[in-house]
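build the 3D model from these lines:
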Amino acid sequence: MAAEPPTRPGLRERKKAKTRAAIRKATYRLAAEHGWEAATTDRIAAAAEVSPSTVTRYFPVREDILLTDENDALLEARLRARPADEEPLESLRAVLLEAVRTAFAEEPEETRLRARLMAEIPAVRARFTDTTAETGRRLARALADRAGRSPGDLEVRVFTAAVLGALRETTVHWAEHGRADDLVALLDRTVDTLKAGPALP
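This next block holds a predicted model:
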């Protein structure tokens, strides 16, 4: 039996996605031109041509406009699609680095600005830690299912959190040092460090 074609999102879903995109675009523009503190909910709403209540309904936490997207489900699906006998660290390397490559290809300026704000604004960095934890739970679930373990197992949670935490710190390091290097190469090097430990002099 032939597979059914993917269902096209309905009008309501498309309108919601368009509104979220407009809010994000306005926020990035304001933050780039005037700084994060100037990107208030009222100014974001005016720039996106929506009401302030619409902004807070879509993004109850202002920092989430920068940090959350709909990619967690896609990351989990891609991780589940990796070869079953592949080392977990290599699976995470492939999936997460591809996500970063895609971000740079599709939104290079926004990706750089987000990293800079993470390095400069404590509230943004703190919220990024919170949102990364949710990503980690989804990825841990996929890895646990592959290994026949519970997502709540200590080893699964520690492993996944360690990888995401290391990649987060590398991103902050990159932002703090001028964002001139190739971030994907630095993240790849980070995974190598997790695998082998730091090179001895």
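
count of neighbours near Lys195?
Using other Cβ atoms under 10 Å, Lys195 has 11 other residues around it. Glycine gets a C-beta too; all of them are placed from N, C-alpha and C.

what do you get for His34?
Neighbours of His34 (other Cβ under 10 Å): 12.

for Arg12, same thing?
8.

same thing with Ala73?
Ala73: 9 neighbours (other Cβ under 10 Å).

nearest spatial neighbour of it, chain-adjacent residues omitted?
Nearest residue to Ala73, sequence neighbours excluded (Cβ to Cβ, 6 or more residues apart in numbering): Arg138, at 7.5 Å.

where does pLDDT dip in this structure?
Per-residue confidence for the chain (pLDDT under 70) gives these ranges: 1-9, 198-201.

give me phi/psi at the residue nearest to Ala73?
Main-chain torsions, Arg138, degrees, to the nearest 10: phi -70, psi -40.

then Glu87?
Here is the backbone geometry of Glu87 (degrees, to the nearest 10): phi -60, psi 140.

any idea how far it lies from Ala22?
Using Cβ to Cβ, to the nearest Å, one gets 41 Å for the distance from Glu87 to Ala22.

and for Arg57?
Using Cβ to Cβ, Arg57 is found at 14 Å from Ala22.

now Ala46
Distance of Ala46 to Ala22, computed by Cβ to Cβ: 12 Å.

and the closest residue to Pro52 other than its chain neighbours, what element?
Of all residues not flanking Pro52 in the chain, Ala45 sits nearest, at 4.4 Å (Cβ to Cβ, 6+ apart). Element membership for Ala45 (DSSP states H and E) is helix 41-48.

against which helices or strands is that helix packed?
Judged by 3 or more Cβ pairs under 8 Å, 6 or more residues apart in numbering; DSSP states H and E, the packing partners of helix 41-48 are helix 11-34, helix 52-58.
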